[in-house]
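A.B. asks: here is my input, please return the structure:
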Amino acid sequence: MALPKNIAGSVNNRTLASIREQGVEPLLAEMSHKECLETTLHFGTHNYHPIDVTIVEGHGPWVTDDRGNVYIDCVSCYSALAFGHAPELILDAMREQCKRVTLTGRAVYTRELALFLRVLCEFTGMDMACPMNTGSEAVETAIKIARRWAYGVKGLPQDRAEIIVAHENFHGRTTTVVGFSSEDNYRAGFGPFAPGFISVPFGDIDAVKAAITPNTAAVLMEPIQAEGGILMPPVGFMKELRTLCTQHNVLLVWDEIQTGFCRTGFRFAWQAEDAEPDLMCLGKALGGGVMPISAVVGKREIMEVLTPGSHGSTFGGNPLACAAAIATLVELDSGLYEPRCRKLGKLLNDRLHSLDHPVVHEIRGRGLLVGVEVVPGYDDETTSAFLRNGILTKETRHRTFRIAPPLNCDEDLIIAIATRVNKALDEVHCKQ
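C.D. replies: Take a look at the predicted model:
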């Protein structure tokens, strides 16, 4: 357990013993940003490159670092923090649940899972749900369901099913998923990859038509490519894709893990064009920003292809996560959030577009999911400039910075975000 000599201070060579004697809080309170960074890099794999800040506290849309600096959190944990940090309505539900039961596994029934499944299906308008833990698991589940449906219902030859996906997609980090990513860094050194995926340009309906074959089982896409850079499909694409899939008896699978639960001003992003899916992948905001929980929801005749033993998860649908998700769904079902996100999203878009800044190449988005793409040559300085001006955000691909505040923010916060973004961009421009 000994730490390297360059890591000193409160994180000492007898960390476990110190925790037994003092508890966790003293060690956390005394750990500096430098110690936090060095310890993380020494003991943790280097598969992330975080912003140079250590966050120690979060409330609503605000986070505070170890030096007392306060930021507006515009990452919102990639849309997971629907209600901001430490939302009382979710925490209260979890406190009550902790008094009863937190984890059982699927070897038994629980009331919490039963209620969660019913509420989720009512909220989504789907017939059945399969609970998991993470977005990646939801996507893997949808792939398994689509393939089993293709063989057992559509009648495709065994092991010949194809799934059409989009360039610039992001559906998770598992080996199956990165195998059909167009991002080289996600794939390098992880092959060989599973076959059966056909990639086409995002938003190109003619390319989808050309890719469909007698072996096509499904089309799996995001309604808006969030990690790809807040990339929007052409108007009408989602609706045309729904029609095309119906014509060819192909499943339409929307990945709404980042875009779902009112983020775009609609309950789900596909509703902007009434492009109802056959299967839908959900996660992130489903746990209210507190618990990891995900699910695939879909039509009964498709979901019923899963049989006992064919799929599962130790923690999937655990009572504690279900309690958090039920509280989330009840709150989102109030009818307040779709119009609020449309109104505040328009304000955010209008304010950002009005900047007409020379550093900005393009602003894209819908609702409270907005991307600010800077011109080449400015991206290296932009993250630190945002930090200096109290904006916590990180670029996606293609020099695009995500602006995704909590769904329960107000007009004052939106105006503050636009003002701070403008100041940060001014700083970056002056340095060039």
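A.B. asks: what's the spacing between the residue nearest in space to the middle of the chain and residue 400?
C.D. replies: By Cα atoms, centre = their mean, the mean C-alpha position of the chain lies nearest to residue 258, the distance being 3.7 Å. Residue 258 is 14 Å from residue 400, where distance means Cβ to Cβ, to the nearest Å. C-betas here are computed from N, CA, C, even on glycine.
A.B. asks: what is in contact with these two at once?
C.D. replies: Common neighbours of residue 258 and residue 400 are not found (criterion: Cβ atoms under 8 Å, 6 or more residues apart in numbering).
A.B. asks: circling back to that earlier point, from residue 82, how far off is the residue nearest to the centre of the chain?
C.D. replies: Distance, residue 258 to residue 82, using Cβ to Cβ: 11 Å.
A.B. asks: could you chop this protein up by domain?
C.D. replies: Recorded structural domains for the chain (assignment: automatic domain parsing) are 51-80+336-431, 88-332.
A.B. asks: how about low-confidence regions in the chain?
C.D. replies: Applying pLDDT under 70 to the chain flags residues 1-13, 432.
A.B. asks: next, give phi and psi for the residue nearest to the centre of the chain.
C.D. replies: phi -100, psi -30 (degrees, to the nearest 10).
A.B. asks: contacts only, for it.
C.D. replies: 78-79, 135, 222, 224, 226-227, 284, 369.
A.B. asks: for ChimeraX, what selects the buried ones among the residues you listed?
C.D. replies: Here is the ChimeraX command that picks out the buried ones among these, judged by 16 or more other Cβ atoms under 10 Å:
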select :78,79,135,222,224,226,227,284,369
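A.B. asks: let me have the contacts of residue 258 in a markdown table, adding distance to residue 354 and secondary structure as columns.
C.D. replies: Converted to a markdown table, these look like this (distance: Cβ to Cβ, whole Å; DSSP: H, G, I helix; E, B strand; the rest coil):
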| residue | distance to residue 354 | secondary structure |
| --- | --- | --- |
| 78 | 27 | helix |
| 79 | 25 | helix |
| 135 | 34 | helix |
| 222 | 28 | coil |
| 224 | 23 | coil |
| 226 | 24 | coil |
| 227 | 27 | coil |
| 284 | 30 | helix |
| 369 | 19 | strand |
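A.B. asks: can I get the contacts of residue 258 in TSV with distance to residue 315?
C.D. replies: Output for those, formatted as TSV (distance: Cβ to Cβ, whole Å):
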residue	distance to residue 315
78	20
79	21
135	14
222	25
224	29
226	25
227	24
284	16
369	28
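A.B. asks: so which of the contacts of residue 258 comes closest to residue 254?
C.D. replies: Distance to residue 254, by Cβ to Cβ, is smallest for residue 222 among the contacts of residue 258, at 7.3 Å.
A.B. asks: what sits closest to that closest one if chain neighbours are left out?
C.D. replies: Using Cβ to Cβ, 6 or more residues apart in numbering and skipping the chain neighbours, the partner closest in space to residue 222 is residue 255 (4.7 Å).
A.B. asks: residue 372 against residue 355, yeah?
C.D. replies: No. Under the criterion of Cβ atoms under 8 Å, residue 372 is not in contact with residue 355, lying 9.2 Å apart.
A.B. asks: residue 294: neighbouring residues, count only.
C.D. replies: Other residues within reach of residue 294, judged by other Cβ atoms under 10 Å, total 26.
A.B. asks: with residue 208 instead?
C.D. replies: 25.
A.B. asks: next, the distance between the ends of stretch 288-304.
C.D. replies: Taking Cα to Cα, to the nearest Å, stretch 288-304 runs 28 Å from one end to the other.
A.B. asks: now find how far off-centre that stretch is within its chain.
C.D. replies: Distance, stretch centre to chain centre, for stretch 288-304: 14 Å (Cα atoms, centre = their mean, to the nearest Å).
A.B. asks: can you give me the strands for this protein?
C.D. replies: For the chain, the strands defined by DSSP state E occupy 55-59, 62-65, 70-73, 128-132, 162-166, 197-200, 216-221, 251-255, 279-282, 294-298, 360-366, 369-374, 391-392, 400-403.
A.B. asks: and of these, who's closest to residue 270?
C.D. replies: Comparing the strands of the chain by Cβ to Cβ, strand 251-255 comes nearest, at 5.2 Å.
A.B. asks: what packs against that closest one?
C.D. replies: helix 135-149, strand 216-221, helix 237-247, strand 279-282 (3 or more Cβ pairs under 8 Å, 6 or more residues apart in numbering; DSSP states H and E).
A.B. asks: quick one, what contacts the residue nearest to residue 222?
C.D. replies: 135, 139, 142, 171, 220-222, 280-281.
A.B. asks: ok, back up a step: let me know which of the strands of the chain is the nearest to residue 310.
C.D. replies: Here strand 128-132 is closest among the strands of the chain (Cβ to Cβ), at 10.5 Å.
A.B. asks: using PDB, list the CA coordinates for that closest one.
C.D. replies: Written as PDB, here are the backbone C-alpha positions of strand 128-132 (Å, rounded to 0.1, in the frame of the first residue of the first chain):
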ATOM      1  CA  MET A 128     -41.500  -4.100 -21.500                       C
ATOM      2  CA  ALA A 129     -38.200  -3.100 -20.000                       C
ATOM      3  CA  CYS A 130     -34.900  -4.900 -19.200                       C
ATOM      4  CA  PRO A 131     -33.000  -3.100 -16.400                       C
ATOM      5  CA  MET A 132     -29.200  -2.900 -16.400                       C
END
